[in-house]
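S.K.: I need the structure of the sequence given here:
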Amino acid sequence: MLFDIFSLSAGVYTAGGLIRVQLRCPRCGARSEVHVRNGDWNDLACPACRFFTRQFLRAAAATVEPFTGRLGHATVAPYRFDWARIGWWGACLGPREERRVPVCFQLAGRGLNGRSFLFRWTARRLDDDREVASSAAVWEPCPCPDPACRRNRLIWWLPPTGAWDQEALACDVLVTTEDGAALFERRLELDVAPVEATGADESATEDGGAEAAAPPPSPQQTEAEVVERFHRLYYYGSPGEHQVWARTFWLNVPCLQCPLDLWVYQEILSEVRPDLVVETGTLFGGNALFLAQVLDRLGGGRVVTIDLNDLPRPAHPRVYYVTGSSTDAELVRGLLGERSGEKCLVILDSHHSREHVLAELRLFAPYVSSGSYLIVTDSNINGHPVASRCGPGPYEAVEDFLRENDEFQVDRAREKFKLTFNPMGYLKRVKSPRGEQPDRGVTP
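M.R.: Numbers count the residues shown, from 1 in each chain. A predicted model of the protein is given here:
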């Protein structure tokens, strides 16, 4: 489900610029006004029912409907793309090198009548991400309610590719509008393990797909492969399931975090005992509430959280909500400039483009105390290992930042639970700006 987006701007749409828009929630129909970034992915939330999703927006004056103000075909907003089901199976029809694997995508066309879309998929090896097969087709959806409609079914046969030493392949799926705007993206795992020919016939469903769970990891799989597969499963959810992380709550407030990272946050807070925790990207306030209640148990500290949009959020005496941009240097100086004597910890969780995160890193780094942390969240996107087509993001920003700043080191010990949404993101200050060496208790 996606939000409908209506323009409230004066007709100037700059790529990368902020636009004030009105959202219409696809779940409850409530309307709200927010700022979004043009030509980029945006985290959108309904303040009434707390529905959350991530959408791409690309708008120009020519794409605004003149009577309704709705942003037209250059945004994904008017479209309803429902992921209904995916079926696949592998049939060993001869020697291993001759194996063929049919890949079936069963889609849903609700709300898409009268439009054409480009459906692309790319199969890659799991061990080195090397491409082994790809294809594309123009999809003209049938808007009928039948979930097994054959017009909404796309089937290909994977040819022999030299990759059949793999038990599974990664499959990147991308659906775009005719003008190239991204509508849907997901990485799947295709089971290509050989089965008996008779078994393939028995496992096939009426519509040529298969309803089979992913196979258990083979003994040959490395720990990294197992962790990566579970990471993608946890991030994307099972077919037809909304992402698990988007349905994560702290005391009934949406938190949108990996619980294992939340546990690491409380460990860091307990060790560092900060006087001030700064968070960028508040959204519903679930993470700020979690941090504040950990500080309650520790007996001190405050949370300052910054967001472009003012949404209904839980009140807590330790939390101070600020409306504004996390890259506004004047705003940040006003909030933190007179707190030099306090121990400060920073969590960056706002816009996830490389440029924005790098600007945040440069802006907030001087305020992080010796031995404390500058935490960069969602560095798992852009193929680390999820959302491979979203473009350079937090992970790449951290790499750039560390090349120019030797005062921080990545604390890999904070990734001990294997699954983290913040790989390379736990940056510990090990050197003060004056060249002191306060703490090097990090794991290389």
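
S.K.: For residue 346, list the residues it contacts.
M.R.: Residues in contact with residue 346 (Cβ atoms under 8 Å, 6 or more residues apart in numbering) are 277-280, 364, 367-368, 373-375. Heads up, the C-betas are built off the backbone N, CA and C, glycines and all.

S.K.: give me the number of residues near residue 244?
M.R.: 15 (other Cβ atoms under 10 Å).

S.K.: Am I right that it is in contact with residue 234?
M.R.: Yes: if you go by Cβ atoms under 8 Å, residue 244 and residue 234 touch, sitting 5.7 Å apart.

S.K.: ok, back up a step: now list the buried members of the contacts of residue 346.
M.R.: Neighbour counting with 16 or more other Cβ atoms under 10 Å marks 277-280, 364, 367-368, 373-375 as buried within these.

S.K.: Tell me which of the residues you listed fall in helices.
M.R.: residue 364 (DSSP state H).

S.K.: quick check, nearest of the contacts of residue 346 to residue 55?
M.R.: Using Cβ to Cβ, residue 280 comes nearest to residue 55 of the contacts of residue 346, at 20.3 Å.

S.K.: Leaving out the residues flanking it, which one is nearest to the closest one?
M.R.: Using Cβ to Cβ, 6 or more residues apart in numbering and skipping residues adjacent in sequence, the residue nearest residue 280 is residue 326, 3.7 Å away.

S.K.: The one you found: what secondary structure?
M.R.: coil (DSSP: H, G, I helix; E, B strand; the rest coil).

S.K.: how close does residue 117 sit to residue 388?
M.R.: 20 Å (Cβ to Cβ, to the nearest Å).

S.K.: For residue 56, the count of nearby residues, please.
M.R.: 21.

S.K.: Repeat that for residue 383.
M.R.: For residue 383, using other Cβ under 10 Å, the count is 15.

S.K.: for the one 5 residues further on, same thing?
M.R.: For residue 388, the count of nearby residues is 19 (other Cβ under 10 Å).

S.K.: cool, and residue 337?
M.R.: Neighbour number of residue 337 under other Cβ under 10 Å is 10.

S.K.: Could you report the pLDDT at it?
M.R.: pLDDT recorded at residue 337 is 82.

S.K.: Next up, phi/psi of it, please.
M.R.: phi -60, psi -30 (degrees, to the nearest 10).

S.K.: list the contacts for it?
M.R.: So residue 337 contacts nothing (Cβ under 8 Å, 6+ apart).

S.K.: contacting residues around the closest residue to residue 17 other than its chain neighbours?
M.R.: Once flanking residues are discounted, residue 17 sits nearest to residue 38: 5.5 Å by Cβ to Cβ, 6+ apart. Taking Cβ under 8 Å, 6+ apart as the criterion, residue 38 is in contact with 13-19, 57-59.

S.K.: hang on, the residue nearest to residue 280 packs against residue 349?
M.R.: No: if you go by Cβ under 8 Å, residue 326 and residue 349 don't touch, sitting 9.3 Å apart.

S.K.: got any residues that touch both of those two?
M.R.: Going by Cβ under 8 Å, 6+ apart, residues that sit against residue 326 and also against residue 349 are 280-281.

S.K.: Tell me how many other residues crowd the closest residue to residue 25 other than its chain neighbours.
M.R.: Computed as Cβ to Cβ, 6+ apart, the closest residue to residue 25 that is not its neighbour in sequence is residue 46, at 3.9 Å. Residue 46 sits with 22 neighbouring residues when counted by other Cβ under 10 Å.

S.K.: again, but for residue 290
M.R.: Residue 290: 19 neighbours (other Cβ under 10 Å).

S.K.: Low-confidence stretches in the stretch 101-250 of the chain?
M.R.: 101-115, 143-153, 155-168, 178-179, 181-186, 188-221, 238-242 (pLDDT under 70).

S.K.: now for the helix or strand where residue 296 lies, which elements pack on it?
M.R.: Per DSSP states H and E, residue 296 falls inside helix 286-298. Helix 286-298 is packed against strand 249-250, strand 253-254, helix 259-272, strand 276-280, strand 302-307, strand 319-323, with contacts defined by 3 or more Cβ pairs under 8 Å, 6 or more residues apart in numbering; DSSP states H and E.

S.K.: Run the angle between the last one and helix 286-298 for me.
M.R.: Here the directions of strand 319-323 and helix 286-298 differ by 150 degrees (axes from the mean of the first three to the mean of the last three Cα atoms, to 10 degrees).

S.K.: So that it lines up with my notes, have the first residue be 659 from now on.
M.R.: Happy to do that; since the first residue is 659 now, the last one works out to strand 977-981.

S.K.: Name the surrounding residues that touch the following helix or strand past strand 977-981.
M.R.: Heading C-terminal from strand 977-981, the first helix or strand you meet, by DSSP H and E, is helix 987-994. Helix 987-994 has contacts (Cβ under 8 Å, 6+ apart) with 934, 936, 962, 964, 980, 982-984, 1002, 1021-1022, 1025.

S.K.: Just the buried residues of those.
M.R.: Buried among the contacts of helix 987-994 by 16+ other Cβ under 10 Å: 934, 936, 962, 964, 980, 983-984, 1002, 1021-1022, 1025.

S.K.: quick check, nearest of the residues you listed to residue 1056?
M.R.: So of these, ranked by how close each gets to residue 1056 (Cβ to Cβ), first place is residue 1022, at 13.1 Å.

S.K.: In contact with the closest one: list those residues for me.
M.R.: So residue 1022 contacts 936, 938, 990, 1004, 1006, 1032 (Cβ under 8 Å, 6+ apart).
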